[in-house]
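Asks: Take this sequence and fold it.
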Amino acid sequence: MNYRGKLYRALNPVHARQPLSGRGAELHGGRFNSKGLPALYASLTVMTALREANQVGSLQPTTLVCYEADIESVFDGRESAALEARGMTLQALADPTWRDQMKASGDAKTQIFARQLIDEGYHALLVRSFAPGATEQDLNLVLWRWGNAAPARLSLIDDENRLA
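Replies: Numbers count the residues shown, from 1 in each chain. Presented below is the predicted three-dimensional model:
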């Protein structure tokens with residue numbers, strides 16, 4: 001599938017000046033990227049982005065950004081049959097122990113799955129949010145490839161250069 005439209009991220013202000021870098025995920029790893037692999041975790045709605053950024057405790061200072069996206073080759077992580085064809089399930093995607101798996105063996109099952117998708121040529125993964133309070137309608141797009149042009153164009157909306 002392809003994704004065209006707006007995406008949102010609620011960033012820690014420390015990283016707000018580099019909203020296109022994927023550096024935080026690269027340094028620490030994420031549910032769908034191993035350490036060393038840059039990734040951008042974006043949401044399809046503002047509220048989902050805020051839930052994702054503030055999963056523990058009270059709302060912390062946050063910089064909200066918006067992108068215009070035109071991403072080809074997106075794997076739809078809501079499709080059970082497509083997941084199962086790759087040895088993955090909806091339940092495994094939601095497994096909250098992915099950090100423990102990463103510490104124990106170097107890579108979580110979801111990170112191995114993501115690497116498989118990248119090797120197959122996917123630029124991104126559409127997946128539901130697993131943040132507290134999220135519903136099946138709260139969706140994220142995890143990008144592994146992005147840039148200024150097709151097939152994975154992502155541009156920050158910052159008409160007044162506030163983050164320059």
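
Asks: any idea where the helices of this structure begin and end?
Replies: 23-28, 46-53, 80-84, 90-94, 98-105, 109-119 (DSSP state H).

Asks: can you put those in TSV and add distance to residue 70, mean neighbour count and mean pLDDT?
Replies: From N, CA and C alone the C-beta is placed, and that goes for glycine too. TSV is the format used below for these (distance: least, CB to CB, whole Å; neighbours: other CB atoms under 10 Å; pLDDT from 0 to 100):
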stretch	distance to residue 70	mean neighbour count	mean pLDDT
helix 23-28	21	15	91
helix 46-53	19	20	94
helix 80-84	22	12	96
helix 90-94	25	14	96
helix 98-105	29	14	94
helix 109-119	19	19	97
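
Asks: And those helices: which comes nearest residue 60?
Replies: helix 46-53 (7.9 Å; CB to CB).

Asks: returning to that earlier point: how about the helices of the chain in a markdown table, adding distance to residue 74?
Replies: Converted to a markdown table, these look like this (distance: least, CB to CB, whole Å):
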| stretch | distance to residue 74 |
| --- | --- |
| helix 23-28 | 18 |
| helix 46-53 | 17 |
| helix 80-84 | 12 |
| helix 90-94 | 15 |
| helix 98-105 | 21 |
| helix 109-119 | 10 |
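
Asks: And the residue nearest to residue 61 when sequence neighbours are not counted, how close does it get to residue 121?
Replies: Closest residue in space to residue 61, ignoring its immediate chain neighbours: residue 13 at 5.3 Å, by CB to CB, 6 or more residues apart in numbering. Distance of residue 13 to residue 121, computed by CB to CB, to the nearest Å: 35 Å.

Asks: same check, this time on residue 152
Replies: Noted for residue 152: a distance of 11 Å to residue 121, by CB to CB.

Asks: again with residue 127
Replies: 18 Å.

Asks: Neighbour count: those two, which is higher?
Replies: Legend: neighbour count by other CB atoms under 10 Å for residue 127 and residue 121, higher for residue 127 (23 against 11).

Asks: if I pick the closest residue to the more buried one other than its chain neighbours, what's in contact with it?
Replies: Distances taken as CB to CB, 6+ apart put residue 77 closest to residue 127, at 3.7 Å, once the chain neighbours are dropped. Residues in contact with residue 77 (CB atoms under 8 Å, 6 or more residues apart in numbering) are 83, 93, 125-128.

Asks: Could you do residue 142 as well?
Replies: 30-33, 39-42, 114, 124-125, 127.

Asks: Which members of those residues are the farthest-apart pair?
Replies: Using CB to CB, the two most remote members of those are 42 and 114, lying 14.9 Å apart.
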